Structures are given as C-alpha cells and as structure tokens.
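Undergrad: Fold the following, please.
(2 chains)
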Protein chains: 2
Amino acid sequence: MASITVPNPLPSPEQDAQNLRKAFQGWGTDEQAIIGILCHRKAAQRAAISETYDRLYNESLLRRLHSELSGDFRGAVMLWTADPAERDAKLAHKALKKKDDRHVWVIIEVACASCSDHLMAVRKAYHSLFLSSIEEDVAFKFSETNPLRQLLVQLVSSYRYDGEHVDEEIAKSEAAELHDAIRKSQPCHAEVIRILSTRNKVQLKETFKHYEQNFGKAIDEDISNQGSSQLFSMLKAIVWCLTSPERHFAEVIRSSILGLGTDEASLTRSIVSRAEIDMKKIKEEYKKRYRTTLNDDVIGDTSGYYKSFLLALVGSADS
Amino acid sequence: MASITVPNPLPSPEQDAQNLRKAFQGWGTDEQAIIGILCHRKAAQRAAISETYDRLYNESLLRRLHSELSGDFRGAVMLWTADPAERDAKLAHKALKKKDDRHVWVIIEVACASCSDHLMAVRKAYHSLFLSSIEEDVAFKFSETNPLRQLLVQLVSSYRYDGEHVDEEIAKSEAAELHDAIRKSQPCHAEVIRILSTRNKVQLKETFKHYEQNFGKAIDEDISNQGSSQLFSMLKAIVWCLTSPERHFAEVIRSSILGLGTDEASLTRSIVSRAEIDMKKIKEEYKKRYRTTLNDDVIGDTSGYYKSFLLALVGSADS
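TA: So this is what the prediction gives:
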C-alpha cells in the first residue's frame, strides 16, 4: 500500500551517498537529484545511505541536508531522511511543546496509527532524544482535571497485542458500552478509554462492526452527530487512526490545503509518515470523498521543490 | 548485587546439557545435580543450556524438568529455568486469573521493580503467550469504579526513561503534591498516579528525598501512618518497588515464612526473581529489619530439595 517507487536495479548505498555528495557540491545544490535519490528509497535503504554517507565523508547527512536546503522543502526532506521512530518521537515532542491544541492530533496519530512495535520504537527514541518518556510529557502537559490526560496517556502507553485473535462476545458487549457512552455524550468515559487504549485493532474492527449492526449507525457517524466539540473530533480521529487511518489522513491533508493558507506542517507530516504505509489507500479515500485527486490538490497548493518532493512520495494519481 | 555463584571455568552449554540428561536418566532423578548446574548459571547461560538441550535431545528441557520433578521444588526450578521475561509474563497472567487479591502484588512487582526494558520484554512475551496485552487484562479485571484500575494499568504500561536526568524543581513540587494527597488519604489521586507511573526512578528518589526533608517524615512512613488498608499497603509497595525493592522483597519473604504455613508461591517468586538482581541487598535488609538471617528463615521453614534449591540461589548468609 506504499506509494513510493524504488528503481530496479537499486544503486548501492555507496553510489547513492556519492551522488548526494555531488548534488551538494559545485554551484548551488542540485535539489532535483536529492529528490530523485531519497524519495525513491525505503526507510531501511535511506538508513543505509545515511550511515554510508556519514562514514564516507565524516559528516552527518542530515546536518548537510539542513545546511544545503531551506523552507518547507528542507523540513520535509529532513523528516523523510530521519529514522521513522526518531521522526515520530521528534514530531510528538515538538507538538507537546506547542501551546495550541495542534499537538493533540500528532499524539493521536503516533499512538494509534502505528503498529505496536513502531510505537515502542518511538518511545525508545523519545528517551534517547529528550531524556524523558513520552507518557511523562503528555501527562505533565495536561492538568489533572482535563479529561484528555488519561485518554492520551493510555493511548501513548499502549502496547497492543497485534495478532488476529478476536473475542466475539467481548466485541458485542463493548460495542454496547461504547454506544452507551457516546449516547450520553461521555467521550472520555472510563470504559471508552479502556476499550480504545487496550484492545487490539482486529478486535476493535469487530467491535465497530457490531456497533453498526446493533445500533443502526457507524460509530464514527454517531460520534459526529454528537457535535464538533474538540473531544468528539478527537474521539473520531482515534477511532479512524485505529482501524481506518486512511480516512483520518485524507481529512488532515484536505484540511491542510483548504484552510486559510496551506498548513505545511500537517501536509508534510501526513505525506511523509504515510508514504510507506497506506498512501495508496489515502489517495483512493481522498478521491472518493472529495471528488478530486490528492495529487491535483498538492499541485494546486504547493510549489517548487517542495511540490516535487511531495509528488514523488505520493506517486502517480492513478496508482 | 546478585547472590548466585558461577563456577570458573564455566562448563560449555553442551556439557551442562549432557549432565542434566544424565541426571534425568537411570534410577530416579539426581535432583542435587540439577541444582548444582542450574542454580549456578546466569539467565543467558541457562537460556543457552535450554536451547542446547532441546537441540541435542529433541525434547524441551522445561517439559522434561516438569516430568522429572514435583511439588514446590518443581515449581521453583521451572520458574528459574524459564526466560525471565516469559517467567514474569506467566506470573502476571496467573495472578490475573486469581479471584483473591494476591495478584495485585505480583502486578506491582512486575511493573515497578524491573527496569524499563525488562518490563517491555515481559509485555512482548505476554502477547505471544496469551494473545492479549497485559494492560488489557489488568484493565478488564477491575471495574471502572475501582480506583486500582487506572493506577495498575498505568504502572504496567509505563516505559520509564531510565537515565540519570533529574529536575530538582519538579522533585520539590511533586513531593508536595504527593504529601498533599497522602495527607488527604487519597492514594489513587490523579497526581499520585501520574507521578508514580511516569517519572523515572532517579527522579522519584529525589522526590522522596525532598518529601522527607520538607515534611519531616519519609513518604513510606507517612503512608503507613494512614492505616493498613489495601490501597495504602499497595502504595507503599509501589514506592518501595520503584526505589528500594529490597525492602519490599524482604517483607514479602518474611511474610511468606511467618504466616500460617509457608506461602511457597511468594517465597519462590521473590527468591527466583531477585537472585540475579538484588538478593545481597535483600539479605542485608532482612538482617537489619528482622534480626535474623534470610538463610536461617529459609532453613527453618522449608525442606528437601526445595530448601537446597532456594539456598543455592540465596548464597551464603554473610555474602
């Protein structure tokens, strides 16, 4: 479901490192060459290039990219070239430092839209980078009376079983518990937190299926009908990130483009973090929901190397 | 701080596996030989022996031990020979299946008296063994109105930063928050849960130091003065497991011996799980607090191979 394309045959990490070095030297930087290499390599391949570059030239590839590039393009290339776990740890940390509420979405994405082992790797990277734990910083940020605290702390602390085991009886009874809490407008009810933060994703899909069968409406629809308060919007994002992250990211990308001026941070984050996971599904969802293509929206709203970079990650409109 | 002794030169895993095989064969089992080998090998060495035995004889060492031995001795040898993360996952799971409240202590020990990476390994082992997550089973066991639920779920879900970084200002202010909650008899106050379940252990030591300096009494003393309700006993166990686990385990061992009949499960669990970590400290603490040695208590209260096994792990009384 990844959207990036990798050349065949694949150049060696040495060749890629040498070509990046060439792109940095001489008159000006050859941005297109950087895009041509880095946007067409998977995470492990980018890590090998980074490691090889550091060794061959005794300088950090990331630091060199930082000094060669600028603006949104630089931000995007840096995020894409970083180790994915470190990238998400940095995104979460940056979000937690912000005063506005944008941080909440990033925390939900990192906690709910990744597999269990990736979230663990993010927590480990967070330790090394920031000398604290992500749950510690989330808990410290919110006051004890804020209903978000417990919900977000438990989401970032989860290490869900990631197998296929499903218990039908539990799915039925927990669908009813969720329905009851949503109907009573209690998005942070203790049972909602318990179910969404501890159950495995296959189990949750089954629970949401029973929800729709037994109560006539899909859980996300019921949540939307409760109004657009931040807590309900978050609850919908959590439900989506856990079981159909393409719906969440299609919405984030669309909103980042539709708003007053482009929200480059959200646009970059969504495309960089999903290009290797489910970008094809996001593009399909985007087309279905907004009757335009994600590619056309990116083309219409960005420019320069930043645009070329995003389009390289997104792949062609019809793939 | 480990109490076990390892021979020098160390036999190869092949030699150990062969000698275990000999101990199983012929008339009766040579229990003393099993103790002589397994109780004098570290976890990684036992894992190598187990793996070598399985390969050489095409049978599981653990299963063979189970069929050769019996009673408390068998239980202890099985726990000691298992991989430490699997052992703790099994202990936690068994505790969660019990109706009585003994489970709470095991969950606290697994969550608070291990380093962060061990707790993570336990959670991973729990997935493979029981097709669920430990936090899921803890959360499901307690009702939403039980104040223990949130506390225990957050403790087992924690992945604490395990470096030395300390923030003095935070230590001072959180000492005051803890003091306030204890004074008001609120052992499961949201701030108590946040502090104890997210802060790193070095930071917590500093917080407890400030607590004693600023409020005249050590935090565990203040907790004890609040009475012996289960919640306060648990809070003391958490504080001890986090920053001075030798105090907790000395008390568990002493209680397992003093009670009406010996509580072998607790005795075995404490000795097996701490022999490679802090058994020397536990013995010192035991002597200081109970004016007798842990060895003498084990000798007076157990018998047969079970006694020999425990004493081999505990080491000599004065070391």
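Undergrad: For chain A, list the residues in contact with chain B, please.
TA: Residues of chain A lying close to chain B (Cβ under 8 Å from any Cβ of the partner chain) are A:116, A:120, A:123-124, A:127, A:131-133, A:135-136, A:139-140, A:144, A:149-150, A:153-154, A:157-163, A:165, A:189-191, A:194, A:197-200. To be clear about C-beta, it is placed using only N, CA and C from the backbone, and glycine gets the same treatment.
Undergrad: what about A:Leu267, is that helix, strand or coil?
TA: helix (DSSP: H, G, I helix; E, B strand; the rest coil).
Undergrad: how close does the closest residue to A:Phe215 other than its chain neighbours get to A:Ser173?
TA: Distances taken as Cβ to Cβ, 6 or more residues apart in numbering or on different chains put A:His179 closest to A:Phe215, at 5.0 Å, once the chain neighbours are dropped. A:His179 sits 11 Å away from A:Ser173, taking Cβ to Cβ, to the nearest Å as the criterion.
Undergrad: and what of A:Val106?
TA: A:Val106 is 32 Å from A:Ser173, by Cβ to Cβ.
Undergrad: which one of those two has more residues nearby?
TA: Taking other Cβ atoms under 10 Å in any protein chain shown, A:Val106 and A:Ser173 do not tie; A:Val106 has more neighbours (21 against 13).
Undergrad: now the more buried one, nearest residue through space, not along the chain?
TA: Nearest to A:Val106 is A:Ala95, by Cβ to Cβ, 6+ apart, at 3.8 Å.
Undergrad: which residues touch the one you found?
TA: Contacts for A:Ala95 (Cβ atoms under 8 Å, 6 or more residues apart in numbering or on different chains) come out as A:102-107.
Undergrad: For it, report the pLDDT, please.
TA: What the model reports for A:Ala95 is a pLDDT of 93.
Undergrad: what's the answer for A:Ser316, then?
TA: 87.
Undergrad: Using the three-state scheme, assign it.
TA: coil.
Undergrad: Next, work out how far apart it and chain B are.
TA: Taking Cβ to the nearest Cβ, to the nearest Å as the measure, A:Ser316 falls 38 Å from chain B.
Undergrad: for A:Thr243, same thing?
TA: In terms of Cβ to the nearest Cβ, A:Thr243 sits 16 Å off from chain B.
Undergrad: by contact count, what packs against the helix or strand hosting A:Leu204?
TA: Using DSSP states H and E, A:Leu204 maps to helix A:201-215. Using 3 or more Cβ pairs under 8 Å, 6 or more residues apart in numbering or on different chains; DSSP states H and E, the elements in contact with helix A:201-215 are helix A:168-183, helix A:190-198, helix A:219-225, helix A:230-243.
Undergrad: and that helix, how far from the chain's centre?
TA: 24 Å (Cα atoms, centre = their mean, to the nearest Å).
Undergrad: What average pLDDT does that helix get?
TA: 98.
Undergrad: now that helix against helix A:190-198, angle please.
TA: If you take axes from the mean of the first three to the mean of the last three Cα atoms, to 10 degrees, helix A:201-215 sits at 140 degrees to helix A:190-198.
Undergrad: Need the CA coordinates for helix A:201-215. PDB is fine.
TA: Written as PDB, here are the backbone C-alpha positions of helix A:201-215 (Å, rounded to 0.1, in the frame of the first residue of the first chain):
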ATOM      1  CA  LYS A 201      -7.000  -3.400  16.300                       C
ATOM      2  CA  VAL A 202      -8.700  -6.500  14.800                       C
ATOM      3  CA  GLN A 203     -10.800  -6.800  17.900                       C
ATOM      4  CA  LEU A 204     -11.800  -3.100  17.600                       C
ATOM      5  CA  LYS A 205     -12.800  -3.600  14.000                       C
ATOM      6  CA  GLU A 206     -15.100  -6.400  15.100                       C
ATOM      7  CA  THR A 207     -16.500  -4.200  17.900                       C
ATOM      8  CA  PHE A 208     -17.200  -1.300  15.500                       C
ATOM      9  CA  LYS A 209     -18.900  -3.800  13.100                       C
ATOM     10  CA  HIS A 210     -21.200  -4.900  15.900                       C
ATOM     11  CA  TYR A 211     -21.800  -1.300  16.800                       C
ATOM     12  CA  GLU A 212     -23.100  -0.600  13.400                       C
ATOM     13  CA  GLN A 213     -25.200  -3.800  13.200                       C
ATOM     14  CA  ASN A 214     -26.800  -3.400  16.600                       C
ATOM     15  CA  PHE A 215     -27.300   0.300  16.800                       C
END
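Undergrad: how about it: buried residues?
TA: Residues of helix A:201-215 classed as buried: A:201-204, A:206-211, A:215 (neighbour count, 16 or more other Cβ atoms under 10 Å in any protein chain shown).
Undergrad: likewise stretch A:257-267?
TA: Per 16+ other Cβ under 10 Å, stretch A:257-267 contains these buried residues: A:257, A:262-267.
Undergrad: which pair in those residues spans the largest distance?
TA: Spatial extent of the buried residues of stretch A:257-267 (Cβ to Cβ) is set by the pair A:Ile257 and A:Ala265 at 12.7 Å.
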